[in-house]
Each structure stands twice: as structure tokens, then as C-alpha cells.
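Undergrad: Whatever this is, show me its structure:
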Amino acid sequence: MIASLEGKVAVSAFDHLVVVVNGVGFKVFTPRGTVTALEGESVYLHTEMIVREDAITLYGFSSVAERDVFNKLIMVSGVGPKVALSVLGSVSIDTLRNAVATGQPDLLGRIPGVGKKTAEKIVFELKDKLKGADGIIAASSAGNVDKDVMDALIAFGYSIAEAQAALQSIPPETPKDFDERMRRALQYFI
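TA: Coordinates of the predicted model:
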């Protein structure tokens, strides 16, 4: 079992890296945007090796928490490693926890490769398994107003990750008013 890799990035592609460790190149599939190492840079990845009848595949993550969530996701019926990577590359772990805790499969249903039924399965099957470091599912930091702002940004054509980043850029003291929060979120893109 390969639990981690540390080496230089030889190839940085859309969905994988080739990490050279002592002259051996390991192809490691990673969530999009999670590992942003460029060719020639050193990288340390927490890995999960999956052995199937037809392939041995290595998946890499920037943190142990991300790897743990990946392992929980692939235990959901209908969710394979590619879909799990798509989820982790599209939403943060906290957003995933909040979607599961508040029963919002519609947020996950917008992720490429995740349909409505798969999103509902993820929410249902991970309800009691996806806990925070303190053992408690995080309470939703985004209220209904923030959900509406996120929905509006996605309707404008922004990706889930972009909408999340815009919401996180809103100062905490901003009033819970849709118009004001939407205006601040749109400033993120300027």
C-alpha cells in the first residue's frame, strides 16, 4: 500500500500528476484544483491506492482529510473514484459536509458526473459518516440568503467552485441581505 508520495512533478495534467520519486514516475490522479503543483516543483501527496481486477490506480490528495472524504465517497453505491474526484474538485470539504448535514442534494447535483439520484445517495448515505474533526457535522455557515446568492451566481454561468470562492470573499460583517451579499459576491469577479 502506498500511503504517500514525495517527489518532483514531471507532468501536470488536467486530472493527474506524474510524480518522480527516486527515478520512478508515479501517475497519480488528483481532484481538479486541489493539487496545483507545476512541473519541476516538489510535491507531497497523501495517496490512496485502489487495486481492481484490471488496474492498479493511485489517487493523490493535499490533506489526510481530503483522502478520508474520498474514501467515504467511494463507499456510496454508484460513486466511483472519478465521481469522487469530481466532487472534491468542485466543492470544498466544508461545503460537502454542509450539503450533507442540511440535506441539500441539489448543490451536489450540479457537479459534473453527479446526477440527481447520485447526489441524493451521497446525502443519504453520508449523513452519519461525514463528520468534522470535532466529530460534529459543521452547521451550515451559509444561510438561506447565501444559498440564494450561490444559486444566482451559478445561474449567471459561474462554476460551483467560483461561486463558493465569491461567497467566501464576502466580509463576515456584511448584512444577511440578498442584494448586498450578491453585490459583494459579484465584486469578487471584478
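Undergrad: Show the contacting residues for Gly157.
TA: Contact analysis of Gly157 by C-beta atoms under 8 Å, 6 or more residues apart in numbering lists nothing. C-beta here means a position set from N, CA and C on the backbone, and glycine is covered the same way.
Undergrad: do Leu130 as well
TA: With contacts defined as C-beta under 8 Å, 6+ apart, Leu130 is in contact with Val69, Lys72, Leu96, Arg97, Val100, Ala101, Ile137.
Undergrad: I figured Pro31 hits Val69, correct?
TA: No - with contacts counted by C-beta atoms under 8 Å, Pro31 stays clear of Val69, the gap being 10.0 Å.
Undergrad: and for those two, which residues touch both?
TA: Contact with both Pro31 and Val69 is made by residues Leu88, according to C-beta under 8 Å, 6+ apart.
Undergrad: that older thread, and the contacts of Leu130, which is the shakiest by pLDDT?
TA: On pLDDT alone, Ile137 ranks lowest of these, at 43.
Undergrad: For the closest residue to Ser159 other than its chain neighbours, the count of nearby residues, please.
TA: The shortest distance from Ser159 to any non-neighbouring residue, by C-beta to C-beta, 6 or more residues apart in numbering, is to Ser90 (7.4 Å). Neighbourhood size, Ser90 [other C-beta atoms under 10 Å]: 23.
Undergrad: same thing with the one 10 residues further on?
TA: When neighbours are counted by other C-beta under 10 Å, Val100 registers 25.
Undergrad: any idea which element it lies in?
TA: Element membership for Val100 (DSSP states H and E) is helix 93-101.
Undergrad: so what secondary structure elements neighbour the one helix or strand Arg67 maps to?
TA: For Arg67, the element it lies in under DSSP H and E is helix 64-74. Packed against helix 64-74 by the contact rule (3 or more C-beta pairs under 8 Å, 6 or more residues apart in numbering; DSSP states H and E) you find strand 42-51, strand 56-61, helix 81-90, helix 93-101, helix 116-126.
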